[in-house]
Structures are given as structure tokens and as C-alpha cells.
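>>> Okay, predicted coordinates and the sequence, questions at the end:
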Amino acid sequence: MKNRLRYRHQKRSRKPVNGFSMVEVLIAGILLASALAAVSRISVAALSGSANLSDRASIEAAINDNIQAMQKEDSYYTDAWIVENGGQEALKSACTNPPEKLGNHLQTVAPEPRLAAITRTFDIDSIPGILRIVYSFEGPEQQVKAEQRVIEMTPNFAAKCYSTR
């Protein structure tokens, strides 16, 4: 009879227990924390990339706006405008070095780029008869250093400086 009681007692203690063990809970917690850390890193990288794209877009837009202003001022700076505002001597003087005259005019009339991080320089010597305008800026990305955007302009009035006779 004692054996039967002992046997029954052992049977009761071997009942399956519902729920998770402490080890299973710890492993699940570690896996969950690792997954959340990975998602956090990806989110931070995406946000910083988005901010860099926004900065780059604003820099490029400011340069494009300034280029359009330069082209507009060049189209208004005709031989007729030079003669009206300075006479024939002003046109003769402008025809001695058209890129220099256009560069001087643009520096006084055209606005500076709207972002202070952009520097604009005028180059009249590297290509004869052509005004080069160089926009320099630091790229917003960490791997990108100094960048440049270059436009080349032929002065609108320069066509009137040459005669075929």
C-alpha cells in the first residue's frame, strides 16, 4: 500500500506545467531587444540620409536659381542696353574683353546665392571669350568634401563686337 501512495504522488508531480520557463523568457527578451536595436539603427540611418538629401536639394535649388538669374541678366545686357546707358564708347570698351565686362556687370546686378554656404567666383581667363561662373560648396554628406558647379556663358552682346566686313 505504501508503494501505491508513493506512485500516485510521483504521478501528480509530473503533470505538465503551463507557461514558459525563466530561461525561455530571458532568451525571448534578448532576441526582442536585439531586433529593436537593429530597427532603431536603421531608423536613425534613414533619418540622417533624409536630412542630407534635403540639405543637398536646397543647395542645388539655390544654385539653379542663381544660374537662372545670371542668364536673365545676360539676356538683358545687350549692345543696345550698353549704348543707351554708356554710349558707343562703352560698347567699344566692352568689346575689348566681353567676358570681363559681363562678369563685372553680373557682380553688380545679379543677387548672391541665397545660401551663405555657396561661394560664387567669376573666371574670365581660362577660356578666351567665355565667362565661367564657379559655384563652390561643401557637400552635406560625411564622405563628400568640396563640390563645384560650373557654368560657361558667352556674353549676349559679344556677337555685335565682331564685323565680317
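Nice, I can see it.

>>> all contacts plus neighbour counts: C-alpha atoms, from now on.
Fine.

>>> Run the chain-centre distance for the helix or strand hosting Ala28.
Following DSSP states H and E, one finds Ala28 within helix 22-76. Here helix 22-76 is found 12 Å from its chain centre; the criterion is C-alpha atoms, centre = their mean, to the nearest Å.

>>> Quick one: mean pLDDT over it.
For helix 22-76, mean pLDDT is 88.

>>> what do you get for stretch 140-150?
On average, stretch 140-150 scores 85.

>>> coming back round to it: specify the angle between the following helix or strand past the helix holding Ala28 and helix 22-76 in degrees.
Counting by DSSP H and E, the element after helix 22-76 in chain order, helix or strand, is helix 79-96. Interaxial angle, helix 79-96 versus helix 22-76 (axes from the mean of the first three to the mean of the last three C-alpha atoms, to 10 degrees): 90 degrees.

>>> buried ones in helix 79-96?
Asp79, Ile82, Leu91, Ala94, Cys95 (16 or more other C-alpha atoms under 10 Å).

>>> Make sure the last one is actually in contact with Asn156.
No: under the contact definition of C-alpha atoms under 8 Å, Cys95 does not touch Asn156, with a separation of 11.3 Å.

>>> Return the residues in contact with the residue nearest in space to the middle of the chain.
The chain has Arg56 as the residue nearest its centroid, 1.4 Å off, counting by C-alpha atoms, centre = their mean. The contact partners of Arg56, by C-alpha atoms under 8 Å, 6 or more residues apart in numbering, come to Gly139, Pro140.

>>> And the closest residue to Leu102 other than its chain neighbours, its phi and psi?
Of all residues not flanking Leu102 in the chain, Pro155 sits nearest, at 6.2 Å (C-alpha to C-alpha, 6 or more residues apart in numbering). Main-chain torsions, Pro155, degrees, to the nearest 10: phi -60, psi 140.

>>> ok, now how distant is Pro155 from Ile127?
Separation of Pro155 from Ile127 (C-alpha to C-alpha, to the nearest Å): 13 Å.

>>> Noted, bye for now.
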